[in-house]
Structure formats: structure tokens, C-alpha cells
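1. 3D model of this:
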Amino acid sequence: MEYKRFDNTIVARIDKGEEILDKIKEIALKENIKLANINALGATNEFVVGVFNIDEKKYYSNEFKGNFEIVSLTGTINTMNDEFYTHIHMSAGNDKGEVFGGHLNKAIVSATCEMIINIIDGKVDRVFDEKTGLNLFKF
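-> Now for the predicted structure:
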């Protein structure tokens, strides 16, 4: 991975074989990012995404292997209990144009991933909400 910071924007290249969430965390901790939004695209050959069942308050994961284009990766960096936290969703398409996506649990880069991180001056923590079963923004 390599990246360059331009004021409050980071442009990153995540390389083949690297795990995307690990690299987001590495950048966030190194740059002391407490609040930001993320957008990326690229390619992956292994990823796990989940879908939250609201009635059960439980995530169900789906694992994919093969050649996929990351058509959308979007989310936030923020904190929970003053510690690093991220909430990322990803969609990826196969060679038939079928797209699969959800809450990102893991993604290994197969060629490259180009990412833009827009740092927001501030901090928003998260708190667990029993009603939804989710970690929600706490203002």
C-alpha cells in the first residue's frame, strides 16, 4: 500500500494480496483520523459481505471467490468508545455482470484498489442501540 495526504484528503493505492479493512485501519491510526468518509473501486478475488437481519438482530455473511470488480466501496471511519471504528459496504461484480454486496467483513485485493478518504474535522462516536441491534452514531 502507498498513499499520499493532500490537506484533508488521502489518496491511497492498496496492492495485490492486501486486505482492504486492515489497510483502512492502518491509515486511520497512522494519520489519527477520527471521522472520515471513504470511496473506492478496484478488483478482488476474495471477499466476505454480510446482510443484517433486523428481526433477528444478526448478520449473515456471504463469501465470494473468483474474479470480481469492486464497483462500489463506501463508508465511514469514526470511533466507538474512543477507539477506531469503521462501517464499510462493498459491491462487486463478476464476469456475467452479477453484483453482490453488503456490509464488508473482508476483501483481498486481486489487482489494485484505489481509495479516497475525505477527513472530516471533528469526531462522532458510536453506541450500541438495543432497539436495532446496531452500533449507531452518538451525537
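
2. rest of the way, CA atoms for contacts and neighbours
-> OK.

3. in the protein, which spans are strands?
-> In the chain, the segments counted as strands under DSSP state E are 2-6, 9-15, 36-53, 58-80, 83-93, 99-119, 125-129, 134-138.

4. Buried residues, the fifth one. List them.
-> Read it as strand 83-93. Across strand 83-93, burial judged by 16 or more other Cα atoms under 10 Å covers 84-93.

5. Would you format the residues you listed as a markdown table with distance to Lys34 included?
-> Output for the buried residues of strand 83-93, formatted as a markdown table (distance: Cα to Cα, whole Å):
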| residue | distance to Lys34 |
| --- | --- |
| Phe84 | 7 |
| Tyr85 | 9 |
| Thr86 | 10 |
| His87 | 13 |
| Ile88 | 15 |
| His89 | 19 |
| Met90 | 21 |
| Ser91 | 25 |
| Ala92 | 27 |
| Gly93 | 31 |
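
6. Switch those over to a markdown table; also include distance to Asn32 and pLDDT.
-> Converted to a markdown table, the buried residues of strand 83-93 look like this (distance: Cα to Cα, whole Å; pLDDT from 0 to 100):
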| residue | distance to Asn32 | pLDDT |
| --- | --- | --- |
| Phe84 | 9 | 98 |
| Tyr85 | 12 | 98 |
| Thr86 | 14 | 98 |
| His87 | 17 | 98 |
| Ile88 | 18 | 98 |
| His89 | 22 | 98 |
| Met90 | 24 | 98 |
| Ser91 | 27 | 98 |
| Ala92 | 29 | 98 |
| Gly93 | 33 | 98 |
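
7. Out of the residues you listed, which is nearest to Leu136?
-> When the buried residues of strand 83-93 are ranked by distance to Leu136 (Cα to Cα), His87 comes first, at 10.2 Å.

8. Please name the bridge partners of the closest one.
-> His87 has these beta-bridge partners by DSSP bridges: Thr76.

9. I'd guessed it sits against Leu73; true?
-> No - counting by Cα atoms under 8 Å, no contact exists between His87 and Leu73, whose distance comes to 10.6 Å.

10. tell me the contacts of the residue nearest to Lys25 when sequence neighbours are not counted?
-> Among residues not flanking Lys25 along the chain, Phe84 sits closest, at 7.5 Å (Cα to Cα, 6 or more residues apart in numbering). For Phe84, the contacting residues are 25, 28-29, 34, 77-78, by Cα atoms under 8 Å, 6 or more residues apart in numbering.
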